[in-house]
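Engineer: for reference, the sequence and a predicted model appear below.
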Amino acid sequence: MADCIFCKIIAGEIPGRKIYEDGEILAFHDVNPQAPVHFLVIPKKHIPSVMDGADPGLLGKLLFKAQELAVQEGCGEKGGRFVINCKEDGGQTVDHLHVHALGGRPLDWPPG
Ligand code: AMP
């Protein structure tokens, strides 16, 4: 999608610190990290949010890859958090489905 910042990262039109890429998904470090480990896992297909028609296989792949990469980034022992913000009430700011993976410090709960 032309004006989507994550589609531009996928296309290589703007830089992203990539961690992983295959034909369907891309993972890259968040530009404004909220924890020592904070990266995003996104589908290459433009899907606005988790409530906008992602298929079960793709959703499973996004989450599976997020945990696999979190282990790779050093979160295997102490864990972390996987978050999908959705639309207005969820505080989603980029309208391209993404899984946040956060770790490397204790994380507060519940969210505000
Ligand atoms: P959300 O609020 O769940 O939509 O999260 C969007 C995330 O995208 C935020 O954590 C931003 O810091 C991150 N973000 C926005 N632009 C970029 C970018 N160009 N590269 C990497 N992360 C980005």
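Structural biologist: Arrived safely, thanks for sending.
Engineer: so who does the closest residue to Q34 other than its chain neighbours touch?
Structural biologist: Distance criterion C-beta to C-beta, 6 or more residues apart in numbering; nearest residue to Q34, sequence neighbours excluded, is L102 at 6.2 Å. Backbone N, C-alpha and C define where each C-beta goes, glycine included. Residues in contact with L102 (C-beta atoms under 8 Å, 6 or more residues apart in numbering) are Q34, A35, V37, H38, G80, R81, F82, V83.
Engineer: the longest strand along the chain pairs with which strands?
Structural biologist: Scanning the chain for the strand with the most residues, using DSSP state E, yields strand 37-43. Sheet pairing of strand 37-43 (DSSP bridges) gives strand 25-29 (antiparallel), strand 99-103 (antiparallel).
Engineer: which of those is buried the deepest?
Structural biologist: Compared across the strands paired with strand 37-43, strand 99-103 shows the largest average neighbour count, a mean of 22 (mean count of other C-beta atoms under 10 Å).
Engineer: any idea how far R105 is from H38?
Structural biologist: 10 Å (C-beta to C-beta, to the nearest Å).
Engineer: neighbour-wise, which of the two wins?
Structural biologist: Ranked by neighbour count (other C-beta atoms under 10 Å), R105 and H38 place H38 first, with 19 against 12.
Engineer: tell me where this structure has helices.
Structural biologist: 5-11, 56-70, 87-90 (DSSP state H).
Engineer: and the ones you listed: which comes nearest the ligand?
Structural biologist: Among the helices of the chain, helix 5-11 comes nearest to the ligand, with 5.2 Å by C-beta to the nearest ligand atom.
Engineer: just the CA trace of the closest one, in CSV.
Structural biologist: Extracted in CSV, the C-alpha atoms of helix 5-11 (Å, rounded to 0.1, in the frame of the first residue of the first chain):
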residue,chain,number,x,y,z
ILE,A,5,5.4,3.0,6.3
PHE,A,6,5.8,-0.8,6.9
CYS,A,7,5.1,-1.5,3.2
LYS,A,8,7.9,1.0,2.5
ILE,A,9,10.2,-0.9,4.8
ILE,A,10,9.3,-4.2,3.0
ALA,A,11,9.9,-2.6,-0.4
